[in-house]
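Q: how would this look folded up:
(2 chains)
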Amino acid sequence: MSKPPDLVQGTLDLLLLKILALEPLHGWAISQRLKQISGDDLQVSDGSLYPALHKLELNGWITAEWKTSDLGRRAKFYSLTRAGRRYLGQETAEWHRLASAISRVLDLKEV
Amino acid sequence: MRSRWGHAIAARLKAVLRPRRAEKDLDDELAFHMAMQARANAQQGMSDIEARRQARLDLGGVEQVKEGARDARPLRWARDAMQDARYAVRALWKTPRFTIAALLTVVLGVGANATIFSTLNPLLFKPLPYHEPHRIVNVFRTSPQSQRWPFSIANYYDQRDRSTSFESLTAMTWRDTSFAEPGQPAERVFSIRATGNFFALFGIPPLLGRPFTDNDDRVGAEPVVVLSYGFWQRRFAGERGIVGRRLRLDGDTATVIGVMPEDFEYPLFWGNVDLWRPFAFPADQRQDRGNNFLREFARLKPGVTFEQADDGIRAVVKKILAEHPNLDAREGARLEPLSIVDPTTKRISGFAFGLAFLVLLIACANLANLQLARTAARAREFAIRGAIGGAKERLMRQSLTESIVLALIGGVLALPLSYWCTQLIAQRQFSDLPGVRVTMDPVSLAFAFGCALITGLIFGVVPAWLASRADVNDVLKQNPKSMTSGRTPLRFRQALIVAEIAFALVALSGAMSFIRGLQRITDVDPGWRSDGVLAARLNLIGPQYTQAPARRTFFETVRDRAAEIPGITSAAISSSSVPAFPYGTSTTFVAEGRTDTVLAYNERTTPQYFDTLRIPLRRGRQFTNDDRFGYTPVAIVNEAMARALWPNEDPIGKRIGFQGPNPNWRVIVGVVGDVTFPAFGAAYGVDTTFEVYQPLAQTGTQAVNILLRTTRAPDTVAADLRKAVAALDRDLPVFDVVTARSVEARTTARFSLLGQVFGGFAALGLVLAAIGVFGVVSYSTAQRSGELGMRMALGARQSEVMWLVLKQGVVLTLVGGTAGLAGGFGLSRVLASLMPRLPSPEIALVLGTAALMIVVALTAMYIPARRASKISPMLALRHE
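A: You can find the predicted model right below:
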């Protein structure tokens, strides 16, 4: 089984922030949402999900809270902080800038 | 609404302050994830077990995820270190033999270093407790004979007026003072007389009242006195109203104007001081250039360097000498930084540090060896842990942590040992220096732990590195019992052995050279016999002794009474105590009819002096009772002086006198043997080898020494002597009653103690090295037991097997021994430059030391080799 390519450094953070910008979620829901949205193009192992979430939390971009889930079990729900929302805006703009720059280069016609 | 950092800090604090809670949350979170995933899997039709298994697989290893999450947390390293330390303690506990051997090595190595440091720290490294002490310097008069002489009054005032690099220049001298409270017997106290600017120069404010100033050292000024803290406490119980009190000192009254704080005393530097009084030199004394008794201190101007000031004072003194043709033009001046120890002691102390460090290096080599053996034995464990996912750095760190934990525990255990040794040395070495607090202070503790830590790092890093390089497959393929540790560690361990033997030999030969040198010094004939001689001091203070004739009469009476004490075979009075230390005064003499001057010790004695000390008379006669005041002034010189001044003539009848317009010619009536002060001379040098004796009855000295030759126990004589003097004048204390032997011992005490310390270090190094060699050879023999058994099964003889084992060790020993021998010769050169008067070591001694080292090393190897040769082939092979 060949491993899917690793995400570009920092992109996982961006995806997680975006997902949490929509609504607060617990870890499993986030992993489901990731799979749903990105399909098979971006495979994020659940193993790298949690360290990334914890890093975001320790950096103050997201915050966590233990709440009872819809199934009656206690789960850790993550939500975006105001700073996180601002950060997401900046990073998104940065991503678009970078992506369009790269596409411009790649779209150059070969002579 | 919280800011980003509010959230971040809250989250971090939670992780750091409640680590267990963080772990539990992590567990719960992952459990929830897997439960949800399993549920989802089950809904897709998987069996329960399969659903859970798949959930676990998706997560990709629970432990790995946890490690990743933990990595994100702050202070990860601190938590790891704690965990490593706990693990290390457990691992050490499980291997008690290794742990004890290693701890013992650390304790000895660190203990030796901590002891030396805490003993020498107050002597070498602590600055004196004065204001900007680096700007204060000693000013010494120099001559061809000595570099540390005092100045005359006139010279002091000239320097003070002319020098440009000093902010101030003070002069002082030590003086015994008689202190009498009404209705109590007089007490002898130690005082310093100094110029008015003395306290201002040292820059420490008084505890009470004021210090004396330039206004107090003028003739006719109200007599004042400043008390030391110790004297104030002891004599006046720290009474705060003491300022303004009038005290009777030397028969006069003086007003107490201040008390100095405890710090100021610093007896290590000043000796005991009870009080300070200002000088009051009348105008005629200020012209005096003949009596050199003033010790000078200067404070350099800010920005003036030591070298500039030194050049400055040399030029000033040269000019002063040039203006006074009757002064010896070979004299000069020099500065010396303010320090409580003389340069020789400083250098020897540095040598002691070097030896202690060698011992520490040997200890490190030993520990590295032990740790290597242990790491090799644990190679499987490490390999397996590496295979199942332990990070390599983590494993290396684990091994290093173990070393450091071991070193720190050893450091703690070394403290009591070091404390005890320090106390012992303090008692032996410094009991004659009042007020010295040689003890373990925080700085010493820090030093000890620094040593321990460095030891741990040195002996931990290398084995850890080697362990981390081990190839998992190689290690696992090998039979755990017969495992060899590979080529690199073997080379490394051989290098360690060579280094250990070399270091131990260097330490040993250094210590032996020093001890043997001391021994040869003390073997030198001092020119007098100390056995059965007792010395005491007497100071004539009081109005009835102000006239020289009264003093002379009294001395004679005291001598006669002392001679009547039962068991006294001979009694004499002299200006210096027993000649273990050089005579107290040296004077420039000139022989009649010659222009060149000679410096000679100048001792005043009663006629019985030479008999009492058994100094042999070579020519002429001793003094008699007729050599008294008003009769022909006479002198006795020693052989060295007679030979130098009158090489081919009879010195008897020749005359010598003082340099200058008033020679006061003295006729030489006798020649006696040389008194040589060998121990003192070896350490510090003597002023001159020439000695002149004058009859006490023809001079007028105040402080004298009673010397007795007795057949009785010294302490019972002391009581009789006190009684005899008290019968003459009950206010005169007889003090410092000592045996000549003990004074003699004091001259060598410092160095013989250092010799013992060096010897101790050398022995320690030897033992550690022997243990190291023993350990390595035993270990490699054990590793080769299969091979050796095979050889024996195939018919090798015992002696052949033994030689096989020994061969490697012999080569290592010879290599180490050769290196050590070279180092030892180098070290003896260093020693010779440190203490030039110490006799240089004999080649035989150094070679003997090397032989001893080799014998010890070979013995340490012989034991395991012999055991190997006794091994039963069957047993060895089954071992495989």
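Q: For the lengthiest helix in chain A, buried residues please.
A: Criterion DSSP state H: the longest helix present in chain A is helix A:82-106. Buried residues in helix A:82-106, defined by neighbour count with 16 or more other Cβ atoms under 10 Å in any protein chain shown: A:83-84, A:87-88, A:91. Where you see a C-beta, it was placed from the backbone N, CA and C, and this is true even at glycine.
Q: cool, stretch B:111-123 as well?
A: B:111-123.
Q: that's a helix at residue B:221, yeah?
A: No: checked against DSSP: H, G, I helix; E, B strand; the rest coil, residue B:221 lies outside a helix; its state is coil.
Q: next one: phi and psi at it?
A: The phi/psi pair for residue B:221 (degrees, to the nearest 10) reads phi -70, psi 150.
Q: do you know how far it is from residue B:171?
A: Going from residue B:221 to residue B:171 by Cβ to Cβ, to the nearest Å gives 17 Å.
Q: go on, residue B:842?
A: 47 Å.
Q: Of the two, which one has the most company?
A: residue B:171 (27 against 13; other Cβ atoms under 10 Å in any protein chain shown).
Q: Grab the nearest non-local neighbour of the more buried one.
A: residue B:294 (4.0 Å; Cβ to Cβ, 6 or more residues apart in numbering or on different chains).
Q: Surely the one you found is within a strand?
A: Yes: counting by three-state DSSP, residue B:294 is located in a strand.
Q: Let me see the contact set for residue B:461.
A: B:400, B:403 (Cβ atoms under 8 Å, 6 or more residues apart in numbering or on different chains).
Q: so which strand or helix has it?
A: helix B:442-469 (DSSP states H and E).
Q: So which elements touch whichever strand in chain B runs longest?
A: Longest strand of chain B, by residue count under DSSP state E: strand B:166-180. Using 3 or more Cβ pairs under 8 Å, 6 or more residues apart in numbering or on different chains; DSSP states H and E as the contact criterion, the elements in contact with strand B:166-180 are helix B:153-162, strand B:187-194, helix B:198-202, strand B:246-249, strand B:292-300.
Q: got the CA positions of it in PDB?
A: What follows is strand B:166-180, C-alpha atoms only, in PDB (Å, rounded to 0.1, in the frame of the first residue of the first chain):
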ATOM      1  CA  PHE B 166      48.700  56.500  44.300                       C
ATOM      2  CA  GLU B 167      45.400  57.900  45.500                       C
ATOM      3  CA  SER B 168      46.800  57.400  49.000                       C
ATOM      4  CA  LEU B 169      49.700  55.600  50.700                       C
ATOM      5  CA  THR B 170      49.600  54.300  54.200                       C
ATOM      6  CA  ALA B 171      52.200  52.800  56.500                       C
ATOM      7  CA  MET B 172      51.600  50.600  59.500                       C
ATOM      8  CA  THR B 173      53.400  48.300  61.900                       C
ATOM      9  CA  TRP B 174      52.300  45.600  64.300                       C
ATOM     10  CA  ARG B 175      53.000  46.200  68.000                       C
ATOM     11  CA  ASP B 176      52.300  44.500  71.200                       C
ATOM     12  CA  THR B 177      50.500  46.800  73.600                       C
ATOM     13  CA  SER B 178      49.900  46.500  77.300                       C
ATOM     14  CA  PHE B 179      46.300  47.100  78.300                       C
ATOM     15  CA  ALA B 180      45.500  47.600  81.900                       C
END
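Q: that older thread, format the buried residues of stretch B:111-123 as a markdown table; extra columns: secondary structure and distance to chain A.
A: Below are the buried residues of stretch B:111-123 laid out as a markdown table (DSSP: H, G, I helix; E, B strand; the rest coil; distance: Cβ to the nearest Cβ, whole Å):
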| residue | secondary structure | distance to chain A |
| --- | --- | --- |
| B:111 | helix | 45 |
| B:112 | helix | 48 |
| B:113 | helix | 44 |
| B:114 | helix | 43 |
| B:115 | helix | 48 |
| B:116 | helix | 49 |
| B:117 | helix | 44 |
| B:118 | helix | 46 |
| B:119 | helix | 51 |
| B:120 | helix | 50 |
| B:121 | helix | 46 |
| B:122 | helix | 50 |
| B:123 | helix | 53 |
